[in-house]
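Q: Just to be clear, the model below is a prediction. Sequence and coordinates:
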Amino acid sequence: MSASTLDAYLNSQSPDLGPVVETVRSLAGAAAATRALIAQSSASVMSSAAGSLNADGDFQRFLDVSADEAFLAAARRAGVRHYCSEEIDSAVDLNGTSAIALAVDPLDGSSNIDTNVSIGTIFSILPALAGEPAGSFLQFGRRQLGAGFFIYGPQLALALTLGGGTRIFVHSPRLGTFVESVRPSIAEKTDEFAINASNYRHWDDSVRLYVDDCLKGTTGPREKDFNMRWIASLVADAYRILIRGGVFLYPGDSRRGYANGRLRLVYEANPIAMIIEQAGGSATDGTTAILDLVPTSLHQRTPLVFGAAREVARIARYHAEPSVIAGRSPLFGHRGLFRA
Ligand SMILES: O=P(O)(O)OC[C@H]1O[C@](O)(COP(=O)(O)O)[C@@H](O)[C@@H]1O
Ligand SMILES: [Mg+2]
Ligand SMILES: [Mg+2]
């Protein structure tokens with residue numbers, strides 16, 4: 001693969017993708033500025049409270065709000081018509097000239113801000129519909145024209161899809177631009193899973209049984225040992241899966257407000273699902289493809305399972321065939337390590 005820049009890649013797109021290309025170009029500028037802000041700020045400034053709660057009830061930090069301002073400004077510069085983000089209550093009409101709707105999670109992985117763990121920005125690009133701005137974001141994920149995320153990690157990187165596969169670009173401070181790094185292809189099998197295991201007691205039996213079976217390793221039904229990773233930054237977990245495979249789960253659970261997990265459909269699950277599918281993986285809410293779900297509200301949550309296609313399909317069977325679980329009920333007496 002010959003090294004290419006993000007600009008060259010964007011310039012090679014067909015003219016009808018022009019407004020999408022302009023949007024990505026503008027977002028890349030905002031990401032470089034956000035990266036610089038992160039690099040310059042002390043941990044206490046970055047994580048300091050902005051003083052309010054967002055639409056989902058999360059405490060907003062300084063960086064959540066400043067990233068939102070940077071990406072909103074980038075949307076305006078690109079002529080985006082409709083904008084929504086995790087940090088604002090309702091979608092807004094920017095009166096832009098292009099028929100583009102942009103949904104953004106300006107700062108993903110907020111709980112990691114002051115620990116110097118990778119965080120990022122996730123975006124979803126949709127066709128803007130006539131009428132109220134909110135309507136543009138209630139289209140199912142297969143309508144996305146493009147999706148991506150920036151990750152502020154050891155490298156500033158962009159995972160991007162415009163529908164013809166997924167590409168990863170890494171920012172070169174020397175060249176002042178993003179350079180293509182890898183075209184990820186997610187293996188369909190894996191022996192690495194990612195889940196917040198502290199919620200074990202809140203999960204339903206299908207998720208517990210799946211994790212139990214992984215933990216039993218070579219002597220269990222999977223007949224192989226599994227490794228576990230959980231970064232608690234969706235962008236970082238997704239990036240790892242793009243690079244070396246694996247499967248990620250944030251299921252619904254019995255905690256108050258967590259019936260549909262924690263992640264938001266419009267600006268987290270949908271763009272990640274498109275990026276993952278375009279890299280050869282799959283993404284579901286446990287059983288149904290994320291990209292086939294029709295959002296009913298801007299900030300709605302969804303359970304999210306994504307990564308290696310065969311593993312995601314296996315997890316769907318744990319969810320969809322209670323008889324499998326019922327048939328295994330004698331095992332529930334010794335469910336595994338997390339019960340010890
Ligand atoms: O702390 P938990 O419950 O494990 O949740 C971690 C998840 O929450 C998130 O931080 C939610 O995103 P925000 O930081 O944008 O609210 C994801 O990045 C991550 O996967
Ligand atoms: Mg997020
Ligand atoms: Mg966020």
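A: Arrived safely, thanks for sending. The structure displayed is predicted, hence computed values, not measured ones. Residues are numbered from 1 along each chain as shown. Ligands and ions are numbered 1, 2, ... in the order given.

Q: So what does the residue of the chain found nearest ligand 2 look like in phi/psi?
A: With CB to the ion as the measure, residue 108 is the residue of the chain nearest to ligand 2, at 3.4 Å. Placement of C-beta: from N, CA and C, glycine included. Note on residue 108: backbone dihedrals following degrees, to the nearest 10 are phi -100, psi 140.

Q: Run through the residues that contact it.
A: Residue 108 makes contacts with 119, 120, 121, 122, 149, 233, 234, 235, 268, as judged by CB atoms under 8 Å, 6 or more residues apart in numbering.

Q: With residue 170 instead?
A: Contacts of residue 170 (CB under 8 Å, 6+ apart): 155, 156, 157, 158, 178, 179, 181.

Q: Which parts of the chain belong to which domain?
A: Domain assignment for the chain, taken from automatic domain parsing, gives 6-182, 192-339.

Q: and the ones you listed as CSV, adding mean pLDDT?
A: Converted to CSV, the domains of the chain look like this (pLDDT from 0 to 100):
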stretch, mean pLDDT
domain 6-182, 93
domain 192-339, 92
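
Q: Relative to ligand 3, tell me which of those domains wins on proximity.
A: Going by CB to the ion, the one of the domains of the chain nearest ligand 3 is domain 6-182, 4.5 Å.

Q: quick check, that closest one touching ligand 1?
A: Yes - using CB under 6 Å from any ligand atom, domain 6-182 reaches ligand 1 at 58, 86, 105, 108, 109, 110, 111.

Q: Buried among those? Make that a PyMOL selection.
A: Selecting only the buried entries of the residues of domain 6-182 next to ligand 1 in PyMOL, with 16 or more other CB atoms under 10 Å as the criterion:
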select buried, resi 86+105+108+109+110
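
Q: Restricted to strands, list the residues of domain 6-182 next to ligand 1.
A: Counting by DSSP state E, the members of the residues of domain 6-182 next to ligand 1 that fall within strands are 105, 108.

Q: and of the residues of domain 6-182 next to ligand 1, the nearest to residue 229?
A: Checking the residues of domain 6-182 next to ligand 1 against residue 229 with CB to CB, the nearest one is residue 109 at 14.1 Å.

Q: Ignoring the adjacent residues along the chain, who's closest to that closest one?
A: Nearest residue to residue 109, sequence neighbours excluded (CB to CB, 6 or more residues apart in numbering): residue 233, at 2.9 Å.

Q: Need the phi and psi values for that neighbour.
A: phi -120, psi 110.

Q: List the contacts of it.
A: 108, 109, 112, 117, 118, 119, 120.

Q: Ligand 3 contacts on the chain?
A: Within the chain, the residues that sit near ligand 3 (CB under 5 Å from the ion) are 86, 105, 107, 108.

Q: Dig out what the residue nearest to the first one when sequence neighbours are not counted forms beta bridges with.
A: Going back to what we said before, that points to residue 86. Among residues not flanking residue 86 along the chain, residue 105 sits closest, at 4.8 Å (CB to CB, 6+ apart). Under the criterion DSSP bridges, residue 105 forms beta bridges with residue 122.
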